[in-house]
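**Student:** no sequence for this one, just the structure:
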């Protein structure tokens, strides 16, 4: 049964439908929480490894891969159970996240190659750290792993958080979201992993934060436009569940 | 008399300088076995092979002389991540558990030197092999370690000679 129809039935006072509605909502809400938790794993892996809690190789095998599998299973369950709000949120994040990260990468690569604004290639670094071959340097496999983690996994993770927490806000609301992500990145222990370039990478001069903010601006623009245009649920599930009727627009 | 003496002195100095320059030139141009560029005994030799072949023969020579390649550091590949593209630069960490056991029993501070490192790199189109003489580094830790260090020097000499020629 379509959830919107279910909502209408419940409002009309159909007792059984009302009970069904609550179970379905709780299930979808719990699943949404699980997807949000899983979405945080890959971005946190870099930070946790940089902070010395373990190797990227360890976190990738025992945290990121299970998180990816969990999201895949929940997506399937959401599809089968008709949790359209969650299902479409995951689908739109799977499209918007990688596209937005690809846009981010265009700016970052220009900053790195042309303006020498970055200490190195982040995806290549992630690849050699995840595949545990830093001393041997990158190869095709580590590059595939690094770029996949950066574009697909991290990109989708940040898009999932945006869509599931904020629903379908106006496009420009993705900009402060992206700038927040950029700021947290630049004050995180990851800066140490990039060669001890200090908070906001200022050891490299203003080129670093300028490139990072520009890259995340492009990320926010692409993410914001795609979500505002194609996301289905106007309100996030949690707001719907808690009967918070304030529009997120 | 004074003028003639001055001329002879000047000629002697000039000849001496020319000899010194010539010797320096020969030293710089030579393949330079045991060419020490400074303390503590950095030895470098020019390989007659290309970079890849030098690395391959070096690894083979290490194994053929009773030592092991315990690890590799591919500086060429690592630095490619920063945008620097080198023609070649790689270090091999060389050791032998049996020798290591003996050395560490004598002085655990030898960890600062062992496993030793032999590197190959490309500079101006030519491939070089280089290492710090183990005796110099180990002798700096303890005079007791100098003797096994000299034995490793001889091994390294043989290894690099086989790899470079």
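**Tutor:** Sure, I can see it. If you're wondering where the values come from, they're calculated on a predicted model, not measured in any experiment.
**Student:** tell me, how many neighbours does residue 126 end up with?
**Tutor:** You didn't say which chain, so I picked chain A. Residue crowding around residue A:126 was assessed by other C-beta atoms under 10 Å in any protein chain shown; the count is 27. The C-beta positions use only the backbone N, C-alpha and C, and glycine is treated the same way.
**Student:** that answer is for a different chain, and I need it for chain B
**Tutor:** If you count neighbours by other C-beta under 10 Å, residue B:126 ends up with 13.
**Student:** Local confidence estimate at it?
**Tutor:** pLDDT recorded at residue B:126 is 96.
**Student:** before we move on, what about residue A:236?
**Tutor:** pLDDT, read off for residue A:236, is 78.
**Student:** That one: what's its closest spatial neighbour, skipping adjacent residues?
**Tutor:** residue A:167 (4.0 Å; C-beta to C-beta, 6 or more residues apart in numbering or on different chains).
**Student:** next one: residue A:42
**Tutor:** Residue A:42 sits nearest to residue A:153 (C-beta to C-beta, 6+ apart), 4.6 Å away.
**Student:** and the residue nearest to residue A:236, what does it touch?
**Tutor:** Applying C-beta atoms under 8 Å, 6 or more residues apart in numbering or on different chains, we find residue A:167 in contact with A:231, A:233-236, A:239, A:248.
**Student:** what about 7 Å?
**Tutor:** For residue A:167, the contact set (C-beta atoms under 7 Å, 6 or more residues apart in numbering or on different chains) comprises A:233-236, A:239, A:248.
**Student:** between those residues, which is closest to residue A:205?
**Tutor:** When those are compared for distance to residue A:205 (C-beta to C-beta), residue A:248 wins out at 38.4 Å.
**Student:** remind me, longest helix of chain A?
**Tutor:** With secondary structure taken from DSSP state H, chain A has its longest helix at helix A:84-113.
**Student:** And the average pLDDT for it is what?
**Tutor:** According to the model, helix A:84-113 has a mean pLDDT of 95.
**Student:** how far out from the middle of the chain is that helix?
**Tutor:** 8 Å (C-alpha atoms, centre = their mean, to the nearest Å).
**Student:** Tell me the buried residues in it?
**Tutor:** Within helix A:84-113, the residues scored as buried using 16 or more other C-beta atoms under 10 Å in any protein chain shown are A:84-94, A:96-105, A:107-109, A:111-112.
**Student:** how about the nearest residue to the residue of chain A found nearest chain B, chain neighbours excluded?
**Tutor:** As assessed by C-beta to the nearest C-beta, chain B sits closest to residue A:137 within chain A, at 2.1 Å. Leaving aside its sequence neighbours, residue A:137 sits nearest to residue B:77 (C-beta to C-beta, 6+ apart; 2.1 Å).
**Student:** same thing with residue A:231?
**Tutor:** residue A:168 (4.0 Å).
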